[in-house]
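>>> Kindly generate the corresponding structure for this input.
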Amino acid sequence: MIRYDYIFLDLDGPILDGRLRHYNCYKDIIEEMGGTPLDIDVYWNNKRRGLNKRIVCEESGISGEYSEFIEKWKNRIEDIKYLKYDVLKPGCLEAIQTMKSVGKKVCLVTLRNNKENLFSQLKWLGIKEIFSEIVVCAGSEINPKYLALNDYVFDKAVLIGDTEIDIEAADMLKIEFIGIINGLRTKSIFEDKICYNELLEINWM
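Numbers count the residues shown, from 1 in each chain. The predicted structure follows:
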């Protein structure tokens, strides 16, 4: 039964497990800059809690070179070398197929800067063709997902995501929101929002 005109679905976190991509990018840069990388579990827990990168850098021994770290990070995090670490989360393909039974269109909405590398990644993961549309949001002072989706016309839509940006975009668009806990943030950011551990657990009834 179709319930939504659009289901807007975030990529990194709900669909992809990016733990190894983020950690290996961070680790390589820290080592190049003479620091000592944190343990992967410590690093990932800090990231999911939304800990400022400056603090992570300080804990890794490069506090005076934060701007250099950020520049290297921005230039590398979407390199093919690191994108190869991303893996599909268990059950995500089945979950997306279920979404197609309740939404007229299932659209991927993602914050990526390198569109060419994104499309290459989606292709080798075998998921490029399963979406009605792929929306790549450019960085902006105003919520980029809101700006990308604001001109869409619909009676009812839902946004599924795992970060503060996703929550804010849904609120600004005045549409439903579903949070995914086991993504880039912990459950604490969702407050009174509907949320599930993974996409496959979403109850569409």
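
>>> Against which helices or strands is the longest helix anywhere in the chain packed?
If you go by DSSP state H, the chain has its longest helix at helix 19-32. On a contact count with 3 or more CB pairs under 8 Å, 6 or more residues apart in numbering; DSSP states H and E, helix 19-32 meets helix 40-48, helix 66-76, helix 80-83. Heads up, the C-betas are built off the backbone N, CA and C, glycines and all.

>>> Using a markdown table, please lay out those helices together with mean pLDDT and mean neighbour count.
What follows is these, written out as a markdown table (pLDDT from 0 to 100; neighbours: other CB atoms under 10 Å):
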| stretch | mean pLDDT | mean neighbour count |
| --- | --- | --- |
| helix 40-48 | 92 | 16 |
| helix 66-76 | 94 | 14 |
| helix 80-83 | 98 | 16 |
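
>>> Which one, of those helices, ends up nearest to residue 181?
helix 40-48 (9.6 Å; CB to CB).

>>> Now the longest helix of the chain: average pLDDT?
Averaging pLDDT along helix 19-32 gives 96.

>>> Would you mind giving the orientation angle of it with respect to helix 66-76?
130 degrees (axes from the mean of the first three to the mean of the last three CA atoms, to 10 degrees).

>>> quick one: helix 19-32 to helix 40-48, angle?
100 degrees.

>>> Alpha carbons of helix 19-32, in CSV - could you do that?
Output in CSV follows, covering the C-alpha atoms of helix 19-32 (Å, rounded to 0.1, in the frame of the first residue of the first chain):
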residue,chain,number,x,y,z
ARG,A,19,33.5,2.9,10.0
LEU,A,20,36.6,1.6,8.2
ARG,A,21,36.6,4.4,5.6
HIS,A,22,36.5,7.1,8.2
TYR,A,23,39.0,5.4,10.5
ASN,A,24,41.6,4.6,7.9
CYS,A,25,41.4,8.1,6.4
TYR,A,26,41.9,9.6,9.9
LYS,A,27,44.6,7.1,10.8
ASP,A,28,46.7,7.7,7.6
ILE,A,29,46.6,11.5,8.1
ILE,A,30,47.5,11.4,11.8
GLU,A,31,50.4,9.1,11.1
GLU,A,32,51.7,11.3,8.3
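
>>> ok, residues contacting that helix?
36-37, 40, 43-44, 47, 56-57, 60-62, 69, 72-73, 76-77, 82-83, 85-87 (CB atoms under 8 Å, 6 or more residues apart in numbering).

>>> Just give me the longest strand of the chain.
strand 103-110 (DSSP state E).

>>> just checking, what packs against that strand?
Using 3+ CB pairs under 8 Å, 6+ apart: strand 103-110 touches strand 4-9, strand 133-136, helix 144-149.

>>> Quickly run through the sheet partners of that strand, with directions.
Strands that pair with strand 103-110, judged by DSSP bridges, come out as strand 4-9 (parallel), strand 133-136 (parallel).
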